[in-house]
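> Give me a 3D structure for the following:
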Amino acid sequence: MKLERCAIYIRVSTAEQMMHGKSLEAQREYLEAYSREHNMVVAGVYADEGKTARKELKKRKAIHALLEDVKAGKIDVILFWRLDRWFRNLSDFYKVQDILDEYHVRWISTSEPGINMETRDGRLQLNVVLSIGQNEVDTTSERIKFVNEASIRQGKLIFGDANMGYGYKSGTVDGVKCMIKDPEREEAVNAFYQYFFKHQSKTGALKYIQENYDPDFSYSSMRTLLSSEFYKGTYRGAPYCPAYLSTEDWDRLQKISDKNIKVNRSNRVYLFSGLIYCPNCNNLLSGCGCSSIINRKTGAKRTYCYYRCNKAYMDNHCNYRHRLSQNLVESYLLEHLEDEYQRYHVRSGQIREKQKKEKKIKTPEKLRSELERLNLLFQKGRVEWEYYNKEYSRIEYELKEALAIQPEIERDVSYVNEIIQSDFRSMYAKLSLENRRAFWRSIVSDIHVAKDSTVKEVNFL
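Down below sits the predicted model:
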C-alpha cells in the first residue's frame, strides 16, 4: 500500500489544558501512533497552543502554515484527534475545506470514524457536530459576557495588571478586588495631562515625563493615556475605576489628540494645524510650505507656511485648490480677535436657545408633581389599578432618567475676553513660534474659511 504523507494538527486551549489535561504532547503521541498503524509518514506537525477552535481563523498561525504546505503539494491527508480540535464553527470550516478540495487533500478525525466528507451520513454527522459545537461556544461566550458585564457594573477586576493603563494597579476596596490609582505613578499621570493640555504636543509631553518623572515612560504608555477610557473612570461606558480626568476634560483631550501638530525637518512651525477646515469638503487643511533665500551672501532664508486641502491636491476629491497663507490668518486673528469673540458669543447663545426649544424633557419637579397627582386620583377612585400601575411605572422611569441627566454647564469662555482686554498683542510678539502655536490652540477650537479664502467663522474652546 502506498504511503501517504500526513500532517498532524494538534490544538489545545489554555482552559482545556488546565481543566482536563488535554496536552499537545498527548495528542501528538496518539496521532503519530495512528499514522504508523495506517501506513502513513508524518510530513509535519502543526500545533496551535492556547487557541480555541472559535478563534478568528487569521489568528490560528498553525492552520495557515498547514495550508501553505497543502498548496505546495507536501500533504495528502490531515490527521486530528477530534473534529472540535479542527474547527467548531461552520463558516471557517468550509473556508478551509474549499482549499483542501482544490488540492485534493482529505482529513481524518481519528477518534470519530463516522464523521467524514466522503459519505452522505458522514457529512450529515459533520454538520450536526459543528452546529452543536458552535452553539455551545456561543452559549459559553454569552454567559461569560453577561458575567463580565455584571462584574464591570460592580467595579470588580476582570483582568490582570498588564491590561491596566499606566497609573493604575489592582487593589482591594471594601473587600472587592478592583482597579485603583498607582501612587508611584499618579503624579506622573497628572503631570502628563497638565503638560499636554498646555502645550498640546505629544512628543513634548513624552520627553517631559521621561526627563522629570519616569525614564521608562514609553510611547505606548502615552498612547494609552490619550485613548483609554479608564482615565475618565469608565470601562465599556460604565463607571469602573477612579478617574484622572472629568468627562469634559476627556472630551477636550480627544479633540486635541486627534489634531496633528506639524513641525517638519525644515523647522517650519504650523500655528493652525488641526484647526482650519476646508470650505468645500470640511476636511482639515494640512500644512505645507517652502523657503526662499533672501540674502545670497549670508544665506539667510525666509520660510513661508500655507494650508491646503489634501483631498484636492492628492485625491482629487475636492476642488478647493487654494493655498491659505499662515501669515494672513495670523494677521486677521490678531486684528479681529475681539470681533470674532463677540460673534461667537452671540452664535453660542442662539444655539443654546434653539436647543432649549427642541428639548422637551420634563424636569424632576414636574414629574414628582405628576406622581402626586396620580396618587391622589387613585386614592379618590378616579382611575383603575391597571391604569395607575402602568402610569406610575412610566413616570417613575422618566423621573430616574431625568435625575440621571447631568445639568448642562454653560462653557465659560470669559478667559478669552480677559485675554482680549489685555495687551495680548505685545505679549504675543515676544513669543517663540512654538509658544504662539500653543497660544492659539489654547483658545481657538476651529477656524472655518470661505471659498474666497477669507476667515468666515472662528470658534473658541
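> Strands of the stretch 151-300 of the chain, start to end?
For the stretch 151-300 of the chain, strands defined by DSSP state E, counting those that start in this stretch occupy the ranges 168-173, 176-181, 234-235, 238-239, 276-277, 286-295, 300-308.
> Kindly list the single helix or strand of the chain that scores lowest on mean pLDDT.
helix 14-20 (a mean of 45; mean pLDDT, DSSP states H and E).
> State the pLDDT value of the closest residue to G133 other than its chain neighbours.
The shortest distance from G133 to any non-neighbouring residue, by CB to CB, 6 or more residues apart in numbering, is to R88 (3.9 Å). From N, CA and C alone the C-beta is placed, and that goes for glycine too. At R88, the model reports a pLDDT of 74.
> tell me the SS of R88?
Classification of R88 using DSSP: H, G, I helix; E, B strand; the rest coil returns coil.
> Compute the number of surrounding residues for it.
Number of residues near R88 (other CB atoms under 10 Å) recorded here: 23.
> That one is in contact with S131, isn't it?
No: contact criterion CB atoms under 8 Å: R88 and S131 do not qualify, at 9.9 Å.
> Quick check: which of the strands of the stretch 151-300 of the chain is buried the most?
Ranked by mean neighbour count under mean count of other CB atoms under 10 Å, the strands of the stretch 151-300 of the chain are led by strand 276-277, which reaches a mean of 22.
> Check which helices and strands it sits against.
The contact analysis (3 or more CB pairs under 8 Å, 6 or more residues apart in numbering; DSSP states H and E) places strand 276-277 against strand 444-449.
> buried ones in the strand it packs on?
For strand 444-449, the neighbour count (16 or more other CB atoms under 10 Å) marks V444, S445, D446, I447, V449 as buried.
> can you put those residues in a markdown table and add pLDDT?
Converted to a markdown table, the buried residues of strand 444-449 look like this (pLDDT from 0 to 100):
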| residue | pLDDT |
| --- | --- |
| V444 | 89 |
| S445 | 87 |
| D446 | 91 |
| I447 | 94 |
| V449 | 94 |
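> Closest one of those residues to I99?
D446 (51.0 Å; CB to CB).
> three-state assignment of the closest residue to the closest one other than its chain neighbours?
In this structure, D446 finds its nearest non-sequential neighbour in N459, 5.1 Å apart by CB to CB, 6+ apart. Look at N459: counting by three-state DSSP, its state is strand.
> low-confidence ranges in the stretch 301-450 of the chain?
For the stretch 301-450 of the chain, the stretches with pLDDT under 70 are 355-361, 405-413.
> For it, which segments count as helices?
With DSSP state H, counting those that start in this stretch as the definition, the stretch 301-450 of the chain shows helices at residue ranges 310-313, 326-358, 364-379, 385-404, 414-421, 424-429, 433-443.
> Quick one, which of those gets closest to A205.
A205 lies closest to helix 433-443 among the helices of the stretch 301-450 of the chain, at 12.1 Å (CB to CB).
> What does the closest residue to I78 other than its chain neighbours show for phi and psi?
Excluding its sequence neighbours, the residue lying closest to I78 (CB to CB, 6+ apart) is W107, at 4.1 Å. Note on W107: backbone dihedrals following degrees, to the nearest 10 are phi -130, psi 160.
> just to revisit the earlier point, export the helices of the stretch 301-450 of the chain as JSON lines, with columns for mean neighbour count.
Formatted as JSON lines, those follow (neighbours: other CB atoms under 10 Å):
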{"stretch": "helix 310-313", "mean neighbour count": "17"}
{"stretch": "helix 326-358", "mean neighbour count": "13"}
{"stretch": "helix 364-379", "mean neighbour count": "14"}
{"stretch": "helix 385-404", "mean neighbour count": "13"}
{"stretch": "helix 414-421", "mean neighbour count": "13"}
{"stretch": "helix 424-429", "mean neighbour count": "12"}
{"stretch": "helix 433-443", "mean neighbour count": "17"}
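> Of the ones you listed, give the one that comes closest to C241.
Per CB to CB, nearest to C241 of the helices of the stretch 301-450 of the chain: helix 385-404, 20.0 Å.
> just checking, what packs against the closest one?
Contacts defined by 3+ CB pairs under 8 Å, 6+ apart place helix 385-404 against helix 364-379.
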